[in-house]
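[1] Take a look and give me a structure for this.
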Amino acid sequence: MPRPLLLLFLALFLAMIGFGLTLPVLPAFVERLALGRAATPERVALHVGALTSAYALTQLVLAPLWGGWSDRHGRKALVVLGLVGVAFSQVAFGLGTSLPLLYGARLAGGAFAAALVVAATAAVADAVPEGERGRAMAWLGTAVSLGFVAGPALGGLLARDAWHVTLTPGHLVFDGFSVPFFVAAGLTLAAVPLVVRYLPGQSLPASRRAAAPEEVARVPVRWGLLARRLGGVLALVLVAQAALTLFEAVFALYADRVLGFGLREIGLAFALCGGVMAVFQGGAVGWLSGRVRVRVQVALGFAMLGTGLLLLPALTRVPAVLAAVSLLALGVAFVTPNLLTLAADRSGSQAGTGLGLLGTASGLGQILGPLVGSLLFAWQVDLPFLAAGGVALAVAAGTVGLSHTLGAAPLPVCLDTPHDGS
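    Purely as a prediction, here's the structure:
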């Protein structure tokens with residue numbers, strides 16, 4: 001595998017470590033450092049959902065802007081900026097002692113993660129011929145999923161209430177719950193010199209490098225056309241991300257209150273989820289690329305995602321719960337790389353802008369999932385899984401009839417194709 005692709009996969013792996021390590025730690029972090037004795041289960045649930053959604057809010061707003069910028073100026077600068085910004089946002093979150101500080105760190109983390117993810121994904125699409133993008137996106141998904149494995153495991157293993165070290169520089173606090181954030185920040189910063197040294201400076205396709213500057217400047221006016229081209233894909237990404245992040249935000253609360261899981265058991269469940277996605281995206285899904293129709297893979301993925309979510313409230317034994325988590329993770333493994341491939345193919349030479357729009361849809365799903373999930377959980381603990389599972393199964397059935405939408409032709413490479421000004 002070419003070294004630039006390995007570096008891009010490493011960057012995405014580290015970005016997901018930063019996101020994933022908060023999942024098992026966040027409820028205890030909010031209760032101990034932000035709410036203290038005033039915490040109630042309902043307040044903790046609402047703030048866990050809101051903090052998870054805050055990460056996605058800036059992704060929703062900034063992803064298209066980052067994507068358009070990278071189409072004009074290249075991917076490398078955004079990859080570096082994203083790595084540095086994600087690292088410092090992790091440090092800020094680890095030192096936070098109030099809700100405003102926690103929310104500010106999450107908003108900043110989402111902004112820099114959006115730059116990193118959009119630029120790195122577009123660079124992968126640039127570096128791989130169109131017919132081979134399915135396999136490349138599957139490996140990209142593997143890198144993301146491995147980060148999702150390492151993140152929760154790191155958070156569960158390094159966060160220790162029993163670690164009584166407490167340092168208070170000013171109004172900030174460093175204690176046992178801060179350790180995983182500092183470790184993740186150090187790993188992220190360590191990758192910056194490698195990216196600066198070995199990632200190509202422009203990372204743009206030949207058609208973009210040859211374009212005249214005045215043509216490149218016209219890219220933003222294509223957002224409306226791209227959005228229409230990607231409409232069906234964007235809708236599917238929104239639903240998939242909402243269902244997945246609902247599970248991510250609610251499962252730790254559900255496992256603690258209903259199943260009696262501790263941090264280690266919760267971290268294991270998240271690690272298993274990411275492990276299944278990593279193994280099957282790099283293996284089965286990559287192998288199926290070009291052999292099984294995209295529409296069939298997407299429908300099958302949503303069916304497995306919905307079934308796994310619906311099974312969770314009916315299960316109480318640890319092996320059965322882990323089996324349901326594995327099933328929903330397998331569904332996500334089928335859905336994600338196929339939708340990324342569709343978006344990149346349909347975006348033509350404007351992969352950054354197209355994937356930025358995909359980031360907006362993903363960010364909206366990441367906002368709605370935790371917020372809706374935490375509200376439903378406060379009402380009835382098993383309702384989030386039942387609602388999300390039902391929606392995913394309905395989408396699986398509907399996807400079978402979306403052959404025209406999912407089969408839309410890619411945008412032409414020429415930038416001066418007549419358009420309606422949208």
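
[2] which residues are in contact with the one helix or strand Pro193 maps to?
    Under the criterion of DSSP states H and E, Pro193 resides in helix 179-198. With CB atoms under 8 Å, 6 or more residues apart in numbering as the test, helix 179-198 has contacts from 3-4, 7, 10-11, 14-15, 17-18, 21, 25, 76, 79-80, 83-84, 86-88, 90-91, 93-94, 151, 154-155, 157-160, 163, 174. C-betas here are computed from N, CA, C, even on glycine.

[3] hmm, try it at 7 Å
    Residues from elsewhere that reach helix 179-198, judged by CB atoms under 7 Å, 6 or more residues apart in numbering: 3, 7, 10-11, 14, 17-18, 21, 25, 79-80, 83-84, 86-87, 90-91, 93-94, 154-155, 158-159.

[4] Check stretch 316-334 too.
    Outside stretch 316-334, the residues touching it (CB under 7 Å, 6+ apart) are 141, 240, 244, 247, 259, 269, 272-273, 276-277, 280-281, 285, 297-298, 300-305, 307-309, 311-312, 315.

[5] Buried ones in the helix holding Pro193, by neighbour count?
    Within helix 179-198, the residues scored as buried using 16 or more other CB atoms under 10 Å are 179-185, 187-189, 191-192, 195.

[6] ok, now stretch 84-102?
    Under the neighbour-count criterion of 16+ other CB under 10 Å, stretch 84-102 has 85-97, 101-102 buried.

[7] Leu46: which of those residues is nearest?
    Distance ranking of the buried residues of stretch 84-102 against Leu46, using CB to CB, places Leu102 first at 13.3 Å.

[8] I'd like the distance between the closest one and Ala15.
    19 Å (CB to CB, to the nearest Å).

[9] For burial, what's the neighbour tally of Gly274?
    24 (other CB atoms under 10 Å).

[10] what sits against it?
    Contacts of Gly274 (CB under 7 Å, 6+ apart): Gly20, Ser145, Leu146, Phe148, Val149.

[11] Look up which helix or strand the third one falls in, please.
    The reference is to Leu146. Leu146 belongs to helix 133-158, assigned by DSSP H and E.

[12] Now do that helix, average pLDDT.
    Helix 133-158 comes out with an average pLDDT of 75.

[13] buried set for stretch 264-282?
    The neighbour-count check on stretch 264-282 (16+ other CB under 10 Å) flags 265-282 as buried.

[14] And the closest residue to Ala344 other than its chain neighbours, which helix or strand is it part of?
    With sequence-adjacent residues excluded and distances taken as CB to CB, 6 or more residues apart in numbering, Ala344 is closest to Ala125, at 4.0 Å. Using DSSP H and E, Ala125 maps to helix 99-127.

[15] Tell me what angle that helix forms with helix 179-198.
    Angle between the axes of helix 99-127 and helix 179-198 is 30 degrees (criterion: axes from the mean of the first three to the mean of the last three CA atoms, to 10 degrees).

[16] on contacts alone, who are the packing partners of helix 99-127?
    Counting contacts by 3 or more CB pairs under 7 Å, 6 or more residues apart in numbering; DSSP states H and E, helix 99-127 packs against helix 3-20, helix 41-73, helix 76-95, helix 133-158, helix 351-379.

[17] Understood, closing this out.
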